[in-house]
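Visitor: Sequence below, structure please.
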Amino acid sequence: MEHSASPIAPDYDAMVASPSNENYPDFDSVTERRNEIVDYIRYRLGDDIVDVELDPKHYDIAIRAAFDKYRQRAQNSVEESYCFLRLQKERQDYILPREIIQVKQVFRRGAGSAVGNQSTMFEPFAAGYLNTYMLQQGRVGGLVNYELYTGYQELVMRMFGGYLNFAWNPTSKRLTIIRKIVSEEEDVLLWTYNYKPDIVLMNDYLIMPWLKEYAYAHAKMMVGEAREKFASIAGPQGGSTLNGTALKGEAQALMDSLIEDLKNYVDGSQPLTWVQG
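Guide: Down below sits the predicted model:
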C-alpha cells in the first residue's frame with residue numbers, strides 16, 4: 001500500500017515491469033492480456049473439443065466468466081473499506097492495490113500543513129474544551145456545545161487543509177495527491193471501495209447460486225458451439241444429429257434470465273436511489 005512515486009518520474013524500483021507496461025507495473029503485459037482474450041474466444045467456440053464434452057480449462061473459463069459478469073453488473077460485488085497510506089515527503093503519486101476500484105476521500109489527522117501525533121502537535125483549543133465541558137463533573141456543557149464544537153472542527157478542516165484534494169485513476173490504480181507534503185512522513189486514511197474477494201462471493205448464500213447458474217449457462221454455450229461444429233455423427237441408418245443449436249438457445253435464455261435477476265437484486269445488492277438532475 002506504500003508504493004510511492006515522484007510527481008515527474010514514478011519510482012517503481014521494487015516492482016517488476018515488462019517493456020510493454022512499464023508505466024503500469026502492477027498490470028499484466030499486453031501480450032498476456034491478448035492471450036487471455038484469445039483463449040476466451042477459442043474455448044467459447046469449442047476449440048480443443050473432439051469428444052463434444054468440455055475439458056477442465058473450459059470449466060475454468062466458465063467460472064471466471066461468471067465472476068467477471070457479476071462484478072460488472074452487481075453492486076454487491078464491492079464493499080466499502082478504510083485503509084491507511086503513508087505519504088512520503090515531496091511525493092504525490094501512489095500505486096494502490098488492484099482490488100481498489102474507487103477512492104472516495106482522503107482524511108488527514110488534523111488541519112493545516114503540520115499534522116501528526118508528536119508532542120508538538122498538541123492542540124490547546126481541543127484540550128481546553130475537553131477539560132472544561134467533558135471531563136469536569138457539574139460544569140456547563142452538553143450535547144449542543146459538543147455538536148457546535150465538532151461543527152467548528154469540520155469547518156476548520158475544510159478551510160485549512162484537513163481534507164486532501166486528489167486525483168484517482170481506476171485503471172492504473174494511481175492516486176495523485178494534489179498537495180505538496182512538507183513533513184517527513186504522514187499517515188492518512190483512505191475511504192475506498194474495493195472488489196470483494198472470490199472466496200467471499202462464493203460463501204455468500206445469495207451470490208453463490210447466481211454464480212453457479214451463470215457458469216453452468218456459459219459452459220452450456222460452449223458445449224453448444226462444439227456440437228454445432230460436429231453437427232452430425234456418422235452411424236447406422238444415417239447417423240445422428242447433435243443438439244448444438246438447441247443448447248446455445250437454452251444457454252442464452254438462461255443468461256438473459258440471470259441478468260434480469262441481478263436487476264431485481266436477488267443477490268442482495270442495494271437498489272438504486274433517487275437521482276436528481
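
Visitor: which stretches of this structure form strands?
Guide: Per DSSP state E, the chain carries strands over the ranges 4-5, 78-88, 93-95, 100-107, 166-169, 174-177, 185-195, 232-233, 240-241.

Visitor: Pick the most deeply packed of those strands.
Guide: With neighbours taken as mean count of other Cβ atoms under 10 Å, the strands of the chain reach their highest mean count in strand 93-95, at a mean of 21. No exception for glycine: its C-beta is placed from N, CA and C like everyone else's.

Visitor: what's the spacing between Glu147 and Glu154?
Guide: Applying Cβ to Cβ, to the nearest Å, the value for Glu147 to Glu154 is 11 Å.

Visitor: out of the two, which sits in the busier spot?
Guide: Glu154 (13 against 10; other Cβ atoms under 10 Å).

Visitor: give me every residue that touches that one.
Guide: Residues counted as contacts of Glu154 (Cβ atoms under 8 Å, 6 or more residues apart in numbering): none.

Visitor: about what we covered before: of all the strands of the chain, which one is nearest Ser269?
Guide: Evaluated over the strands of the chain, closeness to Ser269 peaks at strand 78-88, with 9.7 Å, by Cβ to Cβ.

Visitor: What pairs with the closest one, parallel or antiparallel?
Guide: strand 185-195 (antiparallel) (DSSP bridges).

Visitor: Show me which helix runs longest in this structure.
Guide: helix 208-229 (DSSP state H).

Visitor: CA-only coordinates of it in PDB, if you can.
Guide: The C-alpha trace of helix 208-229 is given here as PDB (Å, rounded to 0.1, in the frame of the first residue of the first chain):
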ATOM      1  CA  MET A 208     -23.200 -18.300  -4.900                       C
ATOM      2  CA  PRO A 209     -26.400 -19.700  -6.600                       C
ATOM      3  CA  TRP A 210     -26.200 -17.000  -9.200                       C
ATOM      4  CA  LEU A 211     -22.500 -17.700  -9.900                       C
ATOM      5  CA  LYS A 212     -23.200 -21.500 -10.300                       C
ATOM      6  CA  GLU A 213     -26.100 -20.900 -12.700                       C
ATOM      7  CA  TYR A 214     -24.200 -18.400 -14.800                       C
ATOM      8  CA  ALA A 215     -21.100 -20.700 -15.000                       C
ATOM      9  CA  TYR A 216     -23.500 -23.500 -16.000                       C
ATOM     10  CA  ALA A 217     -25.100 -21.400 -18.700                       C
ATOM     11  CA  HIS A 218     -21.700 -20.300 -20.000                       C
ATOM     12  CA  ALA A 219     -20.400 -24.000 -20.100                       C
ATOM     13  CA  LYS A 220     -23.600 -25.000 -21.900                       C
ATOM     14  CA  MET A 221     -23.000 -22.400 -24.500                       C
ATOM     15  CA  MET A 222     -19.500 -23.800 -25.200                       C
ATOM     16  CA  VAL A 223     -20.900 -27.300 -25.500                       C
ATOM     17  CA  GLY A 224     -23.400 -26.000 -28.000                       C
ATOM     18  CA  GLU A 225     -20.600 -24.400 -30.000                       C
ATOM     19  CA  ALA A 226     -18.800 -27.700 -30.000                       C
ATOM     20  CA  ARG A 227     -21.800 -29.800 -31.000                       C
ATOM     21  CA  GLU A 228     -22.600 -27.400 -33.800                       C
ATOM     22  CA  LYS A 229     -19.000 -27.900 -35.000                       C
END
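
Visitor: Cool, thanks, signing off.
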